[in-house]
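this is a predicted model, with the sequence first.
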Amino acid sequence: METTDGKNKKNVKGPVIDVGIYSADKIAVEFKGTFRSSADDREVYGIMEFSTDDVNEEVKFSPLDKENSSFVIKNVIIGKDFHWERPEDQEFNGIFKLIPDEKKITAVNCIHVEDYLMSVISSEMNAGAPIESLKAHAVISRSWLMSQLKSKSKPELTSVPLCNENEIIKWSDREAHDNYDVCADDHCQRYQGITKVYTPGAVEAVRSTTGVVLTFDGEICDARYSKCCGGMSENYENVWENNSHPYLRAVYDGTTGNLPVLNSESGFIKWCRSSPEVFCNTSDKEFLARVLNNYDTETQDFFRWKVSYTQTQLTNIILKRTGIDFGKITDLIPDERGASGRIIKLKIVGEKKTMTIGKELFIRQALSESHLYSSAFFVEKNETGSEVEFVLHGAGWGHGVGLCQIGAAFMAEKGYEYRKILKHYYKDADIEEIY
């Protein structure tokens, strides 16, 4: 196999993967260079639009000049259902495929895993981030991908383990992609082609760690990560299935001080109101501009945040997002918290109905038009005339399991080598080269 930064070549091992970019009833693409269509063996170039009427079976477009050709998919939706959702034109190297899927067509990029990773670490974070944090991210992104490829033959990990009139506890994880290996958005890993890639740092980070993954007990680690843990990461089983992973345990994101006990209400409230000296506690705009991509820098209050709702607003949001008519919401009561203080079970009290919901993602979805930053929050109620105001005081951005991206970037900024960063967040994992 071969991967390139546009100038230099390097032979590497590893798989070629299919990445699902975008699904729609119409997809516009600009071919930069000449590509050959597998449908009729003709050569195509320039701007073309494809619809469900045009694509009845899989069509592959292969570049005739691999080194100097690319394709641009117009108006790809990124951050779907999150607060940064927006359209973006994205450019890719490699093979372009169109696959019909029910009433839509899906654009797929066939790319070598190491080239894929150069884009992932530049899409998940800014390619101008400290090099050691980019190396750490290359290792965990490679680990996660290789773990997913190995587990594709296993059943989907989407479950509703408990659903009755009093409780809905659900989580969603590895929903199988039938037509490709992984998707390009936050559901899997952000992959935005060469739109944000091929800085010297991104190339060096991937090449210097080629084939390196995290392992535990001889298996490649299902390495997870989130944007900001809020000072303490979370246990895997508190977010997804009820199976613990020794390498995905709660980690205090600092070097000194006693570990806080955050699974009690009083302990979490004290923690959430504080500003602990941990790696991810930074508001340095210059630093954040170097480590976050432009749309992520719009979120400045990620370490400690606050959301306020009127009683009517909260009632309407919960009805819309869950489909359950609780009546007017009168209270939100945490029933169970994880090691980071993230709420695992939340009791919603309404005038018509009271139910407990969970896990972490369902809670974040139920209480926001998009997603709350995290489920690590406590609720303050204020009387404001005829209605109650609900104020959610929160910590962190994301599920909090595994590596904290902002914390890792800050560690690298302070001189930590990438293996030290990995050992900080995945304490029981080994670091191995598998190809």
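All right, it came through fine. The model shown is predicted, which means the values in this text are computed figures rather than measured ones.

in the helix or strand hosting residue 34, what's buried?
Per DSSP states H and E, residue 34 falls inside strand 26-37. Residues of strand 26-37 classed as buried: 27-29, 31, 35, 37 (neighbour count, 16 or more other C-beta atoms under 10 Å). No exception for glycine: its C-beta is placed from N, CA and C like everyone else's.

who touches that strand?
42-52, 59-65, 68-75, 91, 96, 98, 105, 107 (C-beta atoms under 8 Å, 6 or more residues apart in numbering).

any idea which helix is longest in this structure?
helix 131-150 (DSSP state H).

buried residues, that helix. List them.
131-148.

again, but for stretch 424-435
Residues of stretch 424-435 classed as buried by neighbour count (16+ other C-beta under 10 Å): 424-426, 429, 431.

give me the subset of the residues you listed lying in helices.
Those of those lying in helices (DSSP H): 424-425.

in TSV, list the buried residues of stretch 424-435 along with pLDDT and distance to residue 302.
As requested, the buried residues of stretch 424-435 are exported to TSV (pLDDT from 0 to 100; distance: C-beta to C-beta, whole Å):
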residue	pLDDT	distance to residue 302
424	97	19
425	98	17
426	98	22
429	98	26
431	98	28
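
which single one of the buried residues of stretch 424-435 is nearest to residue 381?
residue 425 (35.6 Å; C-beta to C-beta).

for the residue nearest to that closest one when sequence neighbours are not counted, which residues make a bridge with it?
Nearest non-adjacent residue to residue 425, counting by C-beta to C-beta, 6 or more residues apart in numbering: residue 403, 4.3 Å away. Per DSSP bridges, the residues bridged to residue 403 are residue 225.

quick one: residues contacting residue 403.
By C-beta under 8 Å, 6+ apart, the contact set of residue 403 is 136-137, 140, 223-226, 421-422, 425-426.

with the residues you listed in mind, which one is nearest to residue 121?
residue 137 (4.5 Å).

hmm, that closest one is touching residue 405, no?
Yes - the pair residue 137 and residue 405 qualifies as a contact (C-beta atoms under 8 Å) at a distance of 7.3 Å.

overlap in contacts of these two?
124-125, 225.

okay, strands next: where are they in the stretch 301-435 of the chain?
Per DSSP state E, counting those that start in this stretch, the stretch 301-435 of the chain carries strands over the ranges 304-310, 329-337, 343-350, 354-358, 377-384, 387-395, 403-404, 430-433.

deepest-packed of the ones you listed, please.
Of the strands of the stretch 301-435 of the chain, the one with the most neighbours on average (mean count of other C-beta atoms under 10 Å) is strand 403-404, at a mean of 28.

pull the distance from that one to the chain's centre.
11 Å (C-alpha atoms, centre = their mean, to the nearest Å).

could you do stretch 303-317 as well?
Mean-position distance between stretch 303-317 and its chain equals 24 Å (C-alpha atoms, centre = their mean).

tell me how far residue 147 lies from residue 181.
Per C-beta to C-beta, to the nearest Å, residue 147 is found 12 Å from residue 181.

the contacts of strand 26-37, buried ones only, as a ChimeraX selection?
A single ChimeraX command suffices to select whichever of these are buried according to 16+ other C-beta under 10 Å:
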select :44,48,50,52,59,60,61,63,69,70,71,72,73,74,91,96,98,105,107
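
the closest residue to residue 331 other than its chain neighbours bridge partners, please.
Among residues not flanking residue 331 along the chain, residue 349 sits closest, at 3.9 Å (C-beta to C-beta, 6+ apart). Beta-bridge partners for residue 349, by DSSP bridges, are residue 331, residue 354.

residue 349 touches residue 335, doesn't it?
No - using C-beta under 8 Å, residue 349 is not in contact with residue 335, being 11.3 Å away.

got any ranges where the stretch 51-200 of the chain has weak pLDDT?
The model of the stretch 51-200 of the chain has pLDDT under 70 over residues 79-84, 152-161, 173-176, 196-198.

can you give me the helices for it?
113-124, 131-150, 200-207 (DSSP state H, counting those that start in this stretch).

using the three-state scheme, assign the closest residue to residue 128 other than its chain neighbours.
Using C-beta to C-beta, 6+ apart and skipping the chain neighbours, the partner closest in space to residue 128 is residue 290 (4.9 Å). Taking DSSP: H, G, I helix; E, B strand; the rest coil as the rule, one finds residue 290 in the helix state.

burial count for residue 290?
Neighbourhood size, residue 290 [other C-beta atoms under 10 Å]: 17.

if I look at the residue positioned nearest the centre of the chain, how far off is residue 78?
Most central in the chain under C-alpha atoms, centre = their mean is residue 186, positioned 3.9 Å from the mean C-alpha point. According to C-beta to C-beta, residue 186 and residue 78 sit 8 Å apart.

and if you look at residue 248?
Residue 248 sits at a distance of 26 Å from residue 78 (criterion: C-beta to C-beta).

just residue 391 next, same as before
30 Å.

residue 430 too?
34 Å.

using CSV, lay out the buried residues of strand 26-37 together with pLDDT.
CSV is the format used below for those (pLDDT from 0 to 100):
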residue, pLDDT
27, 94
28, 95
29, 96
31, 97
35, 97
37, 96
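
okay, these in a markdown table with distance to residue 267 next?
Listed next are those as a markdown table, based on distance: C-beta to C-beta, whole Å:
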| residue | distance to residue 267 |
| --- | --- |
| 27 | 50 |
| 28 | 53 |
| 29 | 53 |
| 31 | 57 |
| 35 | 59 |
| 37 | 61 |
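
and the residues you listed, which two are furthest apart?
So, those by C-beta to C-beta: farthest apart are 28 and 37, at 16.1 Å.

what residues are up against the closest residue to residue 246 other than its chain neighbours?
Spatially, and ignoring its direct neighbours in sequence, residue 246 is nearest to residue 428 (4.5 Å; C-beta to C-beta, 6+ apart). By C-beta under 8 Å, 6+ apart, the residues touching residue 428 are 216, 246-247, 249.

let's see which of those residues end up in helices.
Using DSSP H, none of the contacts of residue 428 sit in helices.

buried subset of those residues as a PyMOL selection?
Applying 16+ other C-beta under 10 Å to those, the buried members can be selected in PyMOL as follows:
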select buried, resi 216+247+249
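
turn the contacts of residue 428 into JSON lines, including pLDDT and distance to residue 207.
Formatted as JSON lines, the contacts of residue 428 follow (pLDDT from 0 to 100; distance: C-beta to C-beta, whole Å):
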{"residue": "216", "pLDDT": "98", "distance to residue 207": "25"}
{"residue": "246", "pLDDT": "97", "distance to residue 207": "30"}
{"residue": "247", "pLDDT": "98", "distance to residue 207": "25"}
{"residue": "249", "pLDDT": "96", "distance to residue 207": "31"}
